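In: Sequence plus predicted model, see below.
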Amino acid sequence: MNKTTAALAEDTQAQILQAATERFRHYGYRKTTMAEVARDCSMSAGNLYRYFESKSDIGAAVSVAWFAALHQTVRAAITQPGFSPRQKLEAYILTVNRFTLESMRSTPHIQEMVDFLSEERPDLVEQHLSTCHEIITTILEEGVARGDFAVPDTALSARAVLNAFVRFEYPPLLALSSHDKLDEEVREVVALIVDGLGRGRTDRHT
């Protein structure tokens, strides 16, 4: 495949994903059909299948793009000059929370995508969580190096921190929340976590 053909293929795939994203956003994943996406792209359904074998493959690609955008936004937020590890933890979860809330506002049927990932592509969720775990572990390692945190196993502690933050990322839980107080809740949770990280785990069983 020459470069021109490859570039055209990439453009077509991007067009398909954009059309599918709009369909998922306005009508939901379940109601969207391959034929509708093909029509939105002014192509035949047969031509669409040359690029994606199933709606599941399109859903996976859309989800991967969403996760990538989230990770990029988070990394930018925590690399502000002069941020301490505590500030990075706070920036991490505030960014994740606000990014998810905005996605919920712009995508009323986002729960269908959550269900799709849980039922058909849990591997993508695991990859997302692995990236988040990596980011938090790096923050904790910096905190240990600075003397801010006292934890013997940063990877294990990062997993615990990630679990504590799920409440601010998982759409079904956020749908039941009062959004106007979430920033305050985030800061309270971060304060508790940082306090625990600072004291270490030597008194865990006392």
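Out: Nice, I can see it. Residues are numbered from 1 along each chain as shown.

In: can we go C-alpha only for contacts and neighbour counts from here?
Out: OK.

In: Let me know whether His109 touches Lys31 as I believe.
Out: No - counting by CA atoms under 8 Å, His109 stays clear of Lys31, with 10.4 Å between them.

In: more crowded one of the two?
Out: Set His109 next to Lys31 and count neighbours by other CA atoms under 10 Å: His109 wins out with 18 against 10.

In: what sits against that one?
Out: Residues near His109 by CA atoms under 8 Å, 6 or more residues apart in numbering: Phe24, Arg25, His26, Tyr27, Gly28, Tyr29.

In: go with 7 Å
Out: Contacts for His109 (CA atoms under 7 Å, 6 or more residues apart in numbering) come out as Arg25, Gly28.

In: do Leu101 as well
Out: Contacts for Leu101 (CA under 7 Å, 6+ apart) come out as none.

In: Next one, pLDDT for it please.
Out: At Leu101 the predicted local confidence, pLDDT, stands at 92.

In: Got the phi and psi for it?
Out: Dihedral angles of Leu101 (phi, psi; degrees, to the nearest 10) stand at phi -60, psi -40.

In: what's the answer for His109, then?
Out: Dihedral pair for His109: phi -100, psi 30, per degrees, to the nearest 10.

In: mind checking how far it is from Tyr92?
Out: Counting by CA to CA, to the nearest Å, the separation of His109 from Tyr92 is 25 Å.

In: try Ala35
Out: Applying CA to CA, the value for Ala35 to Tyr92 is 39 Å.

In: Neighbour count for these two, which is higher?
Out: Using other CA under 10 Å, the more surrounded residue of Ala35 and Tyr92 is Tyr92, with 24 against 15.

In: Next, count neighbours for Asp148.
Out: Asp148: 19 neighbours (other CA under 10 Å).

In: my guess is it meets Asp195, correct?
Out: No - counting by CA atoms under 7 Å, Asp148 stays clear of Asp195, with 9.8 Å between them.

In: Poorly predicted segments of the chain, please.
Out: Scanning the chain for pLDDT under 70 picks out the ranges 1-3, 199-206.

In: at 50 instead, please
Out: Along the chain, segments meeting pLDDT under 50 span 1, 201-206.

In: Show me the domain layout of it.
Out: Annotated domains of the chain cover 1-53, 55-199 [automatic domain parsing].

In: Right, I'll call it a day here.
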